[in-house]
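>>> Sequence below, structure please.
(3 chains)
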Amino acid sequence: MKYRIAFVAMLALVMQPASAQNKPATAKKGAKPPAAAPAEQKDAATLEFEKFRTQMEQEGNPAELFEVKGEEFWKTKRGPKNVSLAESCDLGLGIGVVKGAYVQMPRYFADAGKVMDAERRIVWCMVEKQGFKFDDLAKKPFASGEYTPEQTSLVTYVAGQSKDMKIAIPLKDPHVKDVYEIGKEIVAYRAGPYDFSCNTCHGADGKRIRMQNLPNITTAKGSLTAVLGWPGYRMTGGVMLTPQWRMGDCFRQQRFPQPKYASDTITALLTYMTANANGQMYKGLGIKR
Amino acid sequence: MADPMKIRAQLKGDVAEIRVLMGHAMETGQRKDAAGKTIPPHFIQSMTVEVGGKKVVDGQVGTSVSRNPVFGFKVKGAKAGDKVVVSWVDNKGDKRTDEVAVA
Amino acid sequence: MLSALIAAGVLKPTAAYAAEWNKAAFEAHDTAGALKGIGAGAPADSKDLILKVPDIAENGAVVPVDVISNIPNTTSISILVEKNPSPLSASFDFANGALPEVSARLKMGQTSLVKAVAKADGKFYTAQKEVKVTVGGCGG
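Numbers count the residues shown, from 1 in each chain, chains lettered A, B, ... in the order given. You can find the predicted model right below:
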């Protein structure tokens, strides 16, 4: 039960303004972070993985199949209100503007009174503009087997429209900055049966889980590595997955209860991570292991 | 109905580089579902590529081709604007044909 | 419905589908049977048949394979994964200007030799390479 209590405490933390937050819990006994290897020293297997992954991304990424579907969803009149997102949804650059919108999210949306990441904003538009029910969209929000949620294809399409553009999260906006600071607190917050925080694995260079190198999301380079590749086509299971999924799965691996779909917690994490990659190039849809 | 393919055909000199992405489960017939029941095989068996009305590739495919298959071919003598037509048919008789012009 | 699909260009009555699926070759459970199925009894090793595969695959579900034949008059290329339950993965015939090369992505159940087989002037040639398949970590 301890981790549940800790998590509730953390959620409470998230709800408060950053300035009112307590310091993260101090380290408990028995926590064993993964063994560190020297930074930048990549073994042959890692180099081979990267080489072939890049080759596959360039020569044909099955993510493109979902991009095509997402474009159709974006442009088609749908939902109980029979409106298209193209004629109703503002991703921050004006109604219907998709080009470059992804690399500027999370951002603050005055109409919703919230900072939102791309997927959360798309879901918000589907609910507010098209009349879909949030609970229906949140029931099975991520792909598995033959099933791919519509919002996953939509995020894929929107992300693809920012390929080769610079990441520019508007950190000057105080709303965004606040959420960034909350995200920073969350990644440092240790809890759960293993007393892990995000930073246990992702807060220093040279860490890995088995064959997988883990990016250090506190650095510009590492956070870019983490941002690139999502949304991505995951070879395991052959499914298209979004940054929202990735964040939730990190919580699962920390042995935390998973945060709610399209919640403040996930937006805060994505704001922190993506803004740390500000100024660098987003290379488009990824292929992941 | 099967999802559309995504086809790219780019001319480099007088060679058209053709990339085809297909949306297909490519189920092997060896996997089991959560209830322990074998998932029946469902996979593309044959595919063809035509350029400018002529069949250039005649392919046969087994269950070990990856889910959502990606294939690459090169065709010499193609011209910009030539129509590239790709078709596949799977073991259940589902089929799909898509086309694109060489760019 | 069918006529509507044809009208929409989704189904084309003129589309040329491949010859009947080579069941015997694709369902053979060993390499020898698969080779026999495609008519290639004992193919000769050839340095002119180039097989590009990763030394180690990140995920056995998607292993990129490129085959290029520099053997004159190559008309077909097949790809096999020796230790898969059915080794033959795919087989391509080339005509009308298609260069004898293909790239594809394959499933591999375990570390295995991957084999390319090319047919040229009625003779069969082969090249092979081992791909290590790891059971990856979690996440990604």
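>>> what about stretch B:73-84 and chain A, any contact?
No. If you take C-beta under 8 Å from any C-beta of the partner chain as the test, stretch B:73-84 misses chain A, and the best it gets is 11.7 Å. In short, each C-beta sits where N, CA and C put it, glycine included.
>>> So which residues make contact with that stretch?
B:7, B:9, B:11, B:14-18, B:20, B:49-53, B:56-57, B:99-103, C:92, C:96-99, C:101-102 (C-beta atoms under 8 Å, 6 or more residues apart in numbering or on different chains).
>>> CA atoms only: put it into CSV for me.
The C-alpha coordinates for stretch B:73-84 follow below in CSV (Å, rounded to 0.1, in the frame of the first residue of the first chain):
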residue,chain,number,x,y,z
PHE,B,73,12.4,-2.5,-55.5
LYS,B,74,14.3,-0.7,-58.3
VAL,B,75,13.1,-0.5,-61.9
LYS,B,76,15.4,0.7,-64.7
GLY,B,77,14.0,2.6,-67.7
ALA,B,78,11.1,4.2,-65.8
LYS,B,79,10.0,7.7,-66.6
ALA,B,80,8.5,10.4,-64.6
GLY,B,81,4.7,10.1,-64.7
ASP,B,82,4.8,6.3,-65.3
LYS,B,83,2.0,4.7,-63.3
VAL,B,84,3.2,2.3,-60.6
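>>> any idea of the mean pLDDT in it?
For stretch B:73-84, the mean per-residue pLDDT is 96.
>>> cool, stretch A:259-268 as well?
Here the average pLDDT along stretch A:259-268 is 96.
>>> Kindly export that stretch (C-alpha atoms) in PDB.
Provided in PDB are the C-alpha atoms of stretch A:259-268 (Å, rounded to 0.1, in the frame of the first residue of the first chain):
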ATOM      1  CA  PRO A 259      -1.500   8.200 -14.300                       C
ATOM      2  CA  LYS A 260      -4.900   9.000 -15.900                       C
ATOM      3  CA  TYR A 261      -5.100   9.300 -19.600                       C
ATOM      4  CA  ALA A 262      -4.700  12.900 -20.900                       C
ATOM      5  CA  SER A 263      -4.000  14.100 -17.300                       C
ATOM      6  CA  ASP A 264      -2.100  17.000 -15.900                       C
ATOM      7  CA  THR A 265       0.700  14.700 -14.700                       C
ATOM      8  CA  ILE A 266       1.400  13.500 -18.200                       C
ATOM      9  CA  THR A 267       1.300  16.900 -19.700                       C
ATOM     10  CA  ALA A 268       3.700  18.100 -17.000                       C
END
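>>> what about it, distance to the chain center?
10 Å (C-alpha atoms, centre = their mean, to the nearest Å).
>>> who touches it?
So stretch A:259-268 is contacted by A:11, A:14-15, A:106, A:114-117, A:119-120, A:123-124, A:134, A:138, A:141, A:179-180, A:182-183, A:186, A:244, A:247-248, A:251 (C-beta under 8 Å, 6+ apart).
>>> Can I have the buried ones of those as a PyMOL selection?
Remark: buried members of the contacts of stretch A:259-268, expressed as a PyMOL selection using 16 or more other C-beta atoms under 10 Å in any protein chain shown:
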select buried, chain A and resi 11+14+106+114+115+116+117+119+120+123+124+138+141+179+180+182+183+186+244+247+248+251
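>>> Helices - which of the contacts of stretch A:259-268 land there?
A:11, A:14-15, A:119-120, A:123-124, A:134, A:138, A:179-180, A:182-183, A:186, A:244, A:247-248, A:251 (DSSP state H).
>>> if we can go back for a sec, just the contacts of stretch B:73-84: which are in strands?
B:7, B:9, B:11, B:15-18, B:20, B:49-51, B:56-57, B:99-101, C:92, C:98-99, C:101-102 (DSSP state E).
>>> overlap between those and the residues near chain A?
Applying C-beta under 8 Å from any C-beta to the ones in strands among the contacts of stretch B:73-84, those adjacent to chain A are B:V20.
>>> among the ones in strands among the contacts of stretch B:73-84, which ones are buried?
B:7, B:9, B:11, B:16-18, B:20, B:49-51, B:56-57, B:99-100, C:92, C:98-99, C:101-102.
>>> Just give me the neighbour total for C:D121.
The local packing of C:D121 (other C-beta atoms under 10 Å in any protein chain shown) involves 9 other residues.
>>> Could you pull up the residues touching it?
C:72-73.
>>> ok, A:Q151 - contacts?
A:119, A:122-123, A:126, A:137, A:141, A:242.
>>> Swap in 7 Å and give it another go.
A:119, A:122-123, A:126, A:137 (C-beta atoms under 7 Å, 6 or more residues apart in numbering or on different chains).
>>> Pull the number of nearby residues for the closest residue to chain C within the stretch 151-289 of chain A.
Here the residue of the stretch 151-289 of chain A nearest chain C is A:R210; by C-beta to the nearest C-beta that distance is 3.2 Å. Taking other C-beta under 10 Å as the criterion, the count of residues near A:R210 is 11.
>>> I'd like to know how far it sits from chain B.
As judged by C-beta to the nearest C-beta, to the nearest Å, A:R210 and chain B stand 22 Å apart.
>>> need the next SSE after the helix or strand bottoming out on mean pLDDT in chain A, C-terminal direction.
Lowest on mean pLDDT, DSSP states H and E among the helices and strands of chain A sits helix A:2-15, with a mean of 43. Counting by DSSP states H and E, the element after helix A:2-15 in chain order, helix or strand, is helix A:44-59.
>>> quick one: is that following helix near chain C?
Yes. Counting by C-beta under 7 Å from any C-beta of the partner chain, chain C has neighbours in helix A:44-59: A:45, A:48-49, A:52-53, A:55-56, A:59.
>>> Check the offset of that helix from the chain's centre.
Worked out by C-alpha atoms, centre = their mean, helix A:44-59 lies 22 Å from the chain centre.
>>> What of stretch A:223-237?
On C-alpha atoms, centre = their mean, the centre of stretch A:223-237 falls 9 Å from that of its chain.
>>> mind listing what's buried in it?
A:223-236.
>>> Could you do stretch A:154-174 as well?
For stretch A:154-174, burial by neighbour count (16+ other C-beta under 10 Å) applies to A:154-162, A:165, A:167-170.
>>> Of these, which belong to strands?
A:M165.
>>> Let me have the buried residues of stretch A:154-174 in a markdown table, adding distance to chain C and pLDDT as columns.
Below are the buried residues of stretch A:154-174 laid out as a markdown table (distance: C-beta to the nearest C-beta, whole Å; pLDDT from 0 to 100):
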| residue | distance to chain C | pLDDT |
| --- | --- | --- |
| A:L154 | 22 | 98 |
| A:V155 | 17 | 98 |
| A:T156 | 17 | 98 |
| A:Y157 | 22 | 98 |
| A:V158 | 22 | 98 |
| A:A159 | 17 | 98 |
| A:G160 | 20 | 97 |
| A:Q161 | 24 | 98 |
| A:S162 | 22 | 98 |
| A:M165 | 24 | 98 |
| A:I167 | 21 | 98 |
| A:A168 | 26 | 98 |
| A:I169 | 24 | 98 |
| A:P170 | 29 | 98 |
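>>> so is the residue sitting furthest away from the middle of chain B in a helix, a strand, or just coil?
Within chain B, the residue lying farthest from the chain centre (C-alpha atoms, centre = their mean) is B:A35, at 31.6 Å. Of the three states, B:A35 takes coil under DSSP: H, G, I helix; E, B strand; the rest coil.
>>> returning to what we had before: among the residues of helix A:44-59 next to chain C, which pair sits farthest apart?
A:A45 and A:E59 (21.1 Å; C-beta to C-beta).
>>> Quick one: residues contacting residue 71.
All of this refers to chain A. Here A:E71 is in contact with A:Y157 (C-beta under 7 Å, 6+ apart).
>>> Switch to chain B, please.
B:20, C:102-104.
>>> Many thanks, have a good one.
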